[in-house]
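Enquirer: Provided below for reference: sequence and predicted model.
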Amino acid sequence: MLRFLCCCCSSSEDSESQPLLDPRSSHLNGAGSARQTRQTHSDAQSVKKIGKLVMRRVCVPELDQRFSDMAETFNQQQERYEVMVRHIRNLRQIYGCNHNDGLALTECLGKIIQEHEAKYRVSLKIQGYDFSLNVVPVRSEGEREEQPPPHLRLAQDELKATSESAKATISKGTTLQELIGWLLRSKDQMADQVKGAAATYQEQGRLNENLKENMMEVRRAKELSLGYKQQAGEVFTEAAHIAGAYL
């Protein structure tokens with residue numbers, strides 16, 4: 001039955017090469033396949049971004065599903081990372097701290113506190129795995145309380161969204177490394193399964209090449225995912241330092 005399924009799968013070269021997930025350009029600097037370079041917290045662009053991860057079919061249903069699950073989780077993590085980057089850059093633009101492509105929060109939080117210190121006590125609040133911008137009015141007795149100005153409320157929204165997306169980036173990264181770990185540990189077993197599923201020698205060659213391409217993408221996705229998770233963790237670490245400094 002497995003050979004029959006594979007024969008159907010490989011009857012057309014076009015269908016064989018169809019991605020398990022449709023490719024889509026990423027919101028930031030798209031490229032053709034997963035690529036990663038060594039990154040630092042001060043330079044967000046040093047972690048390269050890609051389009052939606054594409055896996056080739058190997059015509060073994062169990063393996064196709066595992067590759068699909070891995071690709072979907074990677075795409076979700078990448079999306080959350082890009083959202084985090086976008087909100088940090090929005091915050092930096094609001095307060096004029098966007099002179100580079102970094103993800104640092106310290107300078108912007110200092111400017112926010114300084115700009116509003118006459119009317120508001122602004123601080124970064126940490127609660128569990130979430131951080132937010134706490135704004136308390138400073139007013140004399142009998143003075144009417146006013147809503148914070150629009151750009152300060154917008155800064156609160158951007159920081160809340162940054163916290164949520166950073167947390168999701170880390171969570172997806174943990175799940176992804178488990179999925180990737182199984183694939184890397186099982187490469188020899190998968191090669192035997194693909195070999196056994198091929199109906200012809202020619203088909204075996206095509207499917208082996210698909211498996212090889214998938215495993216190359218798995219390794220590159222692993223490197224890139226670790227970079228996303230590391231930078232999200234650094235955002236949390238910096239937020240904790242800022243919160244502690246203003247206690």
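Expert: Okay, I see it.
Enquirer: Mind checking which residue lies nearest the centre of the chain?
Expert: The centre of the chain sits closest to Q78, judged by C-alpha atoms, centre = their mean, with a distance of 2.8 Å.
Enquirer: So that one sits against A232, correct?
Expert: No. Taking C-beta atoms under 8 Å as the definition, Q78 is not a contact partner of A232, at 11.6 Å. Where you see a C-beta, it was placed from the backbone N, CA and C, and this is true even at glycine.
Enquirer: could you pull out the helices for the protein?
Expert: Under the criterion DSSP state H, the chain carries helices at the ranges 2-9, 13-16, 61-94, 106-116, 150-185, 187-197, 201-245.
Enquirer: L133: which of the ones you listed is closest?
Expert: L133 lies closest to helix 150-185 among the helices of the chain, at 4.5 Å (C-beta to C-beta).
Enquirer: Could you tell me which residues within the closest one count as buried?
Expert: 152, 155-156, 158-159, 161-173, 175-176, 179-180, 183 (16 or more other C-beta atoms under 10 Å).
Enquirer: related to what we said a few turns ago, out of the helices of the chain, deepest packed?
Expert: Greatest average neighbour count among these goes to helix 61-94 (a mean of 20), per mean count of other C-beta atoms under 10 Å.
Enquirer: Which neighbouring elements make contact with it?
Expert: helix 150-185, helix 187-197, helix 201-245 (3 or more C-beta pairs under 8 Å, 6 or more residues apart in numbering; DSSP states H and E).
Enquirer: can you count the residues close to G102?
Expert: 18 (other C-beta atoms under 10 Å).
Enquirer: For it, give me phi and psi.
Expert: Torsion angles at G102 (phi, psi; degrees, to the nearest 10) stand at phi -70, psi 170.
Enquirer: Same check on S186?
Expert: Main-chain dihedrals, S186, degrees, to the nearest 10: phi -100, psi 20.
Enquirer: Tell me how far it lies from G173.
Expert: Distance, S186 to G173, using C-beta to C-beta, to the nearest Å: 21 Å.
Enquirer: what do you get for D130?
Expert: With distances taken as C-beta to C-beta, D130 is found 18 Å from G173.
Enquirer: if we can go back for a sec, would CSV of the helices and strands packed on helix 61-94 with distance to I126 and mean pLDDT be doable?
Expert: Shown next, in CSV, are the helices and strands packed on helix 61-94 (distance: least, C-beta to C-beta, whole Å; pLDDT from 0 to 100):
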stretch, distance to I126, mean pLDDT
helix 150-185, 9, 97
helix 187-197, 42, 94
helix 201-245, 4, 94
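Enquirer: Distance to I112 for those - can I get that in CSV?
Expert: CSV is the format used below for the helices and strands packed on helix 61-94 (distance: least, C-beta to C-beta, whole Å):
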stretch, distance to I112
helix 150-185, 6
helix 187-197, 50
helix 201-245, 11
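Enquirer: so which of these comes closest to L53?
Expert: helix 201-245 (6.0 Å).
Enquirer: Show me what that closest one packs onto, helices and strands only.
Expert: The contact analysis (3+ C-beta pairs under 8 Å, 6+ apart) places helix 201-245 against helix 2-9, helix 13-16, helix 61-94, helix 106-116, strand 120-127, strand 130-137, helix 150-185, helix 187-197.
Enquirer: Recalculate using a threshold of 7 Å.
Expert: Where contact means 3 or more C-beta pairs under 7 Å, 6 or more residues apart in numbering; DSSP states H and E, helix 201-245 is packed against helix 61-94, helix 106-116, strand 120-127, helix 150-185, helix 187-197.
Enquirer: Direction-wise, compare that helix with helix 150-185 and give the angle.
Expert: Comparing the axes of helix 201-245 and helix 150-185 via axes from the mean of the first three to the mean of the last three C-alpha atoms, to 10 degrees yields an angle of 140 degrees.
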